[in-house]
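> Dropping the sequence and predicted coords here.
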Amino acid sequence: MNRQPAVAGSFYPANPKQLHLMLEQFLNNAATDEKAPKAIIVPHAGYIYSGPIAASAYTRLKNAHAQITRVILIGPSHRVAFRGLAVSRAETFTTPLGRVLVDQAAVQAIVQLPFVEYIEQAHTYEHSLEVHLPFLQEVLDNFKIVPIVAGEASSEQVSQVLDALWGGDETLIVISSDLSHYHDYATAQQMDKSTSQVIEQLEYDRLTSESACGKVPVSGLLKLAQKKSLSVTNIDLRNSGDTAGDKSRVVGYGAYVIE
């Protein structure tokens, strides 16, 4: 079974060459020599809006392109309401840049947990995972993914899954989340700045769905980061008014590294 792209041609170019050139430009503009983080929190909007912000985190993976062979990818559900966490039976996820293999053994391991189940419709049209795949294909060599869509789940449940899949240097964790939605530019800047402080201080229980649409996966990662004494650093904080939208009604985007 293969999961076909749902938002190619809308959120990002469907043409492989255009897509590659767009990603290359984002990543080159965000060039860095920093060492690769263990986990990143990155936004999931259309590339013209959030691509440059996501690239500031993805570019840090370049030096570990051969070392990272597995990516745990968790994003919020936008279309289907359900409890717990949803995995898929798909063996591959396809983008215009090619197919990405799913780590079947990892999926089978976590589906044993009572709050993890196979829910195909949670994956079919979900963009919060899909938009990250081309970035990963651009910066990494051979890797498999563990794609998880988060429904109504606790930070403890997400933290438990991440802990089970934590692995070593071969495993990267990618949490997909935008920040505030549809406020004016100044309000969004203020809200996102305070959300960013909450995230950097690992105060996972203070996050609301108003402050971050990926509140569920983000809070799970922060809970685990606290337990493992890791630090979270904001490396880019902008909104759609800074990139490609007007300033009257914006969506906030932040990029964070966890190490």
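Everything's here; your move.

> Could you point out the longest helix of this structure?
With DSSP state H setting the assignment, residue counts place helix 185-200 as the longest helix in the chain.

> Who are the packing partners of it?
Packing partners of helix 185-200 (3 or more C-beta pairs under 8 Å, 6 or more residues apart in numbering; DSSP states H and E): strand 232-239, strand 250-258. Glycine gets a C-beta too; all of them are placed from N, C-alpha and C.

> With respect to T92, which of those lies nearest?
Taking C-beta to C-beta, strand 250-258 is the member of the helices and strands packed on helix 185-200 nearest to T92, at 27.2 Å.

> relative to strand 232-239, how tilted is the closest one?
160 degrees (axes from the mean of the first three to the mean of the last three C-alpha atoms, to 10 degrees).

> Check which helices and strands strand 250-258 sits against.
If you count contacts as 3+ C-beta pairs under 8 Å, 6+ apart, strand 250-258 packs onto strand 39-42, helix 47-58, strand 181-183, helix 185-200, strand 232-239, helix 240-243.

> got JSON lines for the ones you listed, with mean pLDDT too?
Formatted as JSON lines, the helices and strands packed on strand 250-258 follow (pLDDT from 0 to 100):
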{"stretch": "strand 39-42", "mean pLDDT": "98"}
{"stretch": "helix 47-58", "mean pLDDT": "98"}
{"stretch": "strand 181-183", "mean pLDDT": "97"}
{"stretch": "helix 185-200", "mean pLDDT": "98"}
{"stretch": "strand 232-239", "mean pLDDT": "98"}
{"stretch": "helix 240-243", "mean pLDDT": "97"}
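
> What lies in contact with stretch 181-191?
Applying C-beta atoms under 8 Å, 6 or more residues apart in numbering, the contact partners of stretch 181-191 are 179-180, 210-211, 213, 239, 241, 247-252.

> Just the buried positions in that stretch, please.
In terms of neighbour count (16 or more other C-beta atoms under 10 Å), stretch 181-191 has its buried residues at 181, 183, 185, 188-189, 191.

> Could you do stretch 190-208 as well?
Buried residues in stretch 190-208 (16+ other C-beta under 10 Å): 191-192, 195-196, 198-199, 202, 204, 207.

> State the pLDDT value of the residue nearest to P16 when sequence neighbours are not counted.
In this structure, P16 finds its nearest non-sequential neighbour in P96, 4.5 Å apart by C-beta to C-beta, 6 or more residues apart in numbering. The per-residue pLDDT reported for P96 equals 98.

> what's near enough to touch P96?
Contacts of P96 (C-beta under 8 Å, 6+ apart): 5, 8, 13-16, 19, 134.

> just A153 next, same as before
A153 neighbours (C-beta under 8 Å, 6+ apart): 83-85, 115, 216, 220.

> Mind doing that once more with 10 Å?
74, 76-77, 82-86, 115-116, 160-161, 216-217, 219-220 (C-beta atoms under 10 Å, 6 or more residues apart in numbering).
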